[in-house]
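Enquirer: The sequence and its predicted three-dimensional model are supplied below.
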Amino acid sequence: MVPLLRISVRAVLTLLICSYPAAADPARGTRGIVATGHALATEAGVNAMKDGGNAVDAAVAAALTLGVVDGSNSGIGGGCFFLIHTAKGEVIAIDGRETAPLTASRDMFVRNGKPDTRLSQVGALASGTPSALAAYHLAVERFGKLTLKSHLLAAAEVAERGFQIDRRYAGKLKSTADDLAQFESSKAVYFKSDGRLLAEGDLLKQTDLAGTYRNIAEHGIGWFYGGPFAEITERWMKQNAGLLTVEDFKRYQPKLREPVRSTYRGYEIFSFPPPSSGGVHVVEILNILENFPLRSFGHNSADAIHLIAEAMKLAFADRAHWLGDPDFTPVPRGLVSREYAKELAGRIQIDRVTPVPTFGTPAGSDKDLFEKHTTHLSTADSDGNWVACTATINTTFGSKVVVPGTGVLLNNQMDDFSIQPGVPNAFGLVGGDANAVAPGKRPLSSMSPTILLKDHQPLLAVGAAGGPTIISQTLLAILGIVDFDLDPEKALASPRFHHQWKPDELKIETSLDPATRAALRLRGHSLSEVDSFGVSQAVGRDSKSFVGVSDPRSNGTAAGW
């Protein structure tokens, strides 16, 4: 086993002069490890392994619990991407992305010739068919040791018992209170009987959600996909000019897809394929950077940041044009070819910003194609099973709609489509025809669950939350470990930066050295300075044990067994 946790002299010097958020000591375990965005979810994952489950069971148990305690970010009303490295050495990608309703249309969010982004973000039209539950079921049935029922019942107990709202959750409630208050079923969950919003320190009990979990546990996922839950949802949709129907639920199926596979400086990379743009562009950017001696520039130096940002910009320009659901639109494999990356690398100038007016065109773009607010968790076990799973309902509290009597908060994933070419979504991303709305189509995602191997052995499972910055966060974690000899906790705590082509600005955390920021401005970068962005979770392994790390920017936790 090649150690993950080794720090070179260069890296030690870098750590001494760079500013990081305070990183907690990593969790360790010899039999298994779990890292999630909430302590109760991490505990659920570890408990699943102690009950005889593997890393897949731990991931599903944690994900279902996150749907209770971190419901502003994920839940069974949303979707997920589930990447598994099995004990047999296979890498499996389960696409649990939502689909557009069967009656959806390309211009469903256009009114009087103009796009109305409000319709794609809040209310009945904003939701795609919920899909996470189907993916979790497939993962456990095919690759787990326990039953979905056991994980659902454990999470139901948490929902019934309740949990104390912390400062972060309270802040999210406050920021979305006006939208949540539009829907009586949402008010019933997130507001007190006297009309006041739940606040920090209050106990949030979700008896309806617990009942839904218990019904699925007793009757199977058919209760959700076509049964009573689907019927209740269709009834509400018809009353509120929405489109989701029982038939949408009945037809939904998760898909097994071929992972994006590449290498970077001797490491193997496995990440998620379209309709995720994450895996494609993490690999595309790594391929570009492999043409440069990145290590020699120094970690978080102006040269390194400039180079990485310019590579990000090129990849995001390609994202806007080429990426979409491969079952509906041709997505060229050439985007991850080394020949194309070398061509893109040739456009980068180390001393100044290079304009990127439009996308590139890789060879074979017409025939060599891929097959037709968020949370991340990572798990691993001593049998060799590793999981990187990213789940979401999209923006904070999704569509803001709780299906009456069920406790299930629906996603607003329809906003991840390009509702009109060139119109930014809630994250400022633009898209084209490849990501246009179509019945049954899966919207493009930035979710980037990724597994890193050395000598064919898993060393890191990583991913992130934070819209398009997910791609950058995942990339920077890999670069920190491979190029700059950082251990996982320093890689996640390190100051971050992100460029998504449009808007043409470099988002950068203020913890980065002021002199470096000044040097980037001299190169022509327009900086958008923020205190922090994104949340990552990672599990790795050194020569002694598993290592679990939760982002210091969040209240997540890691725990070992």
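Expert: It's in.
Enquirer: tell me the SS of Leu453?
Expert: Three-state secondary structure (criterion: DSSP: H, G, I helix; E, B strand; the rest coil) places Leu453 in strand.
Enquirer: what's it in contact with, if anything?
Expert: Counting by C-beta atoms under 8 Å, 6 or more residues apart in numbering, Leu453 touches His85, Tyr267, Glu268, Ile269, Phe270, Leu459. Bear in mind the C-beta positions are built from the backbone N, C-alpha and C, glycine included.
Enquirer: State the next helix or strand along the chain beyond the helix or strand that contains Asp57.
Expert: Assigned by DSSP states H and E, Asp57 belongs to helix 55-69. Per DSSP H and E, the first helix or strand lying C-terminal to helix 55-69 is strand 79-85.
Enquirer: okay, the angle between that following strand and helix 55-69?
Expert: 160 degrees (axes from the mean of the first three to the mean of the last three C-alpha atoms, to 10 degrees).
Enquirer: What is strand 79-85 packed up against?
Expert: helix 55-69, strand 91-96, helix 132-143, strand 267-271, strand 386-392, strand 450-454, strand 457-465 (3 or more C-beta pairs under 8 Å, 6 or more residues apart in numbering; DSSP states H and E).
Enquirer: Any idea how many residues pack against the closest residue to Glu98 other than its chain neighbours?
Expert: In space, and not counting its chain neighbours, Glu98 is closest to Gly128: 3.2 Å by C-beta to C-beta, 6 or more residues apart in numbering. Neighbours of Gly128 under the rule other C-beta atoms under 10 Å: 32.
Enquirer: Dihedrals phi and psi, the residue lying farthest from the centre of the chain?
Expert: Most distant from the centre of the chain: Asp194, at 36.1 Å, with distances by C-alpha atoms, centre = their mean. Taking degrees, to the nearest 10, you get phi -90, psi 10 for the backbone angles of Asp194.
Enquirer: measure it to Lys187 for me?
Expert: Applying C-beta to C-beta, to the nearest Å, one obtains 12 Å for the distance of Asp194 from Lys187.
Enquirer: What of Asn300?
Expert: 45 Å.
Enquirer: between the two, who's got more neighbours?
Expert: Asn300 (24 against 16).
Enquirer: Just to check, the more buried one is in contact with Arg496?
Expert: No. Assessed by C-beta atoms under 8 Å, Asn300 is found out of contact with Arg496, at 9.6 Å.
Enquirer: In this protein, spot the helix with the most residues.
Expert: Across the chain, the longest stretch assigned as helix under DSSP state H is helix 302-322.
Enquirer: same for that one, what does it pack against?
Expert: Helix 302-322 packs on helix 278-289, helix 294-297, helix 338-345, helix 469-482, strand 497-498, helix 514-522, going by 3+ C-beta pairs under 8 Å, 6+ apart.
Enquirer: Reformat those as a markdown table; add mean neighbour count and distance to Thr207.
Expert: Below are these laid out as a markdown table (neighbours: other C-beta atoms under 10 Å; distance: least, C-beta to C-beta, whole Å):
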| stretch | mean neighbour count | distance to Thr207 |
| --- | --- | --- |
| helix 278-289 | 27 | 36 |
| helix 294-297 | 17 | 52 |
| helix 338-345 | 18 | 53 |
| helix 469-482 | 26 | 33 |
| strand 497-498 | 27 | 40 |
| helix 514-522 | 14 | 50 |
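Enquirer: so which of those gets nearest Lys400?
Expert: Among the helices and strands packed on helix 302-322, the nearest to Lys400 by C-beta to C-beta is helix 469-482 (22.1 Å).
Enquirer: got the angle between that closest one and strand 457-465?
Expert: Going by the same axes, to 10 degrees, helix 469-482 makes 150 degrees with strand 457-465.
Enquirer: which helices and strands sit right next to helix 469-482?
Expert: strand 267-271, helix 278-289, helix 302-322, strand 450-454, strand 457-465, helix 488-493, strand 497-498, strand 535-541.
Enquirer: Compute the inter-axis angle for the longest one and helix 514-522.
Expert: With the same axes, to 10 degrees defining the directions, helix 302-322 sits at 50 degrees from helix 514-522.
Enquirer: ditto for the fifth one
Expert: Computed by the same axes, to 10 degrees, the angle separating strand 457-465 from helix 514-522 equals 70 degrees.
Enquirer: which neighbours does strand 457-465 have in its sheet, and in what orientation?
Expert: strand 450-454 (antiparallel), strand 535-541 (antiparallel) (DSSP bridges).
Enquirer: Looking at the last one now, give me its mean pLDDT.
Expert: Rounded to a whole number, the mean pLDDT of strand 535-541 is 96.
Enquirer: Repeat that for stretch 298-306.
Expert: Averaged over stretch 298-306, pLDDT sits at 97.
Enquirer: Same check on stretch 487-498?
Expert: 96.
Enquirer: Equivalent analysis for stretch 140-150, please.
Expert: pLDDT averaged over stretch 140-150 gives 98.
Enquirer: What lies in contact with it?
Expert: Contacts for stretch 140-150 (C-beta under 8 Å, 6+ apart): 48, 51-54, 56-57, 60, 84, 86, 92, 136-137, 151, 216-218, 221, 385.
Enquirer: Please repeat the previous calculation with a cut-off of 6 Å.
Expert: Gly52, Gly53, Asn54, Val56, Asp57, Val60, Ile84, His137, Ala217 (C-beta atoms under 6 Å, 6 or more residues apart in numbering).
Enquirer: right, and the third one touches Ala380 too?
Expert: Just to be clear, that refers to Asn54. No. With contact defined as C-beta atoms under 6 Å, Asn54 does not count as touching Ala380 (9.5 Å).
Enquirer: between those two, which one's more packed in?
Expert: Ala380 (33 against 26).
Enquirer: I'd guess the more buried one is in a helix, am I close?
Expert: No. Counting by three-state DSSP, Ala380 falls outside a helix, being strand.
Enquirer: So the nearest residue to it once chain neighbours are set aside versus Phe270, what's the distance?
Expert: With C-beta to C-beta, 6+ apart as the criterion, Ala380 has its nearest non-adjacent residue at 4.5 Å, and that residue is Trp386. As judged by C-beta to C-beta, Trp386 and Phe270 stand 10 Å apart.
Enquirer: residues contacting the one residue sitting closest to the centre of the chain?
Expert: Geometric centre of the chain, nearest residue: Met447, 3.6 Å, by C-alpha atoms, centre = their mean. Taking C-beta under 6 Å, 6+ apart as the criterion, Met447 is in contact with Phe81, Ser276, Gly278, Thr390, Ile470.
Enquirer: Could you rerun that using 7 Å?
Expert: When contacts are counted by C-beta atoms under 7 Å, 6 or more residues apart in numbering, Met447 touches Phe81, Phe272, Ser276, Gly278, Thr374, Thr390, Thr392, Ile470.
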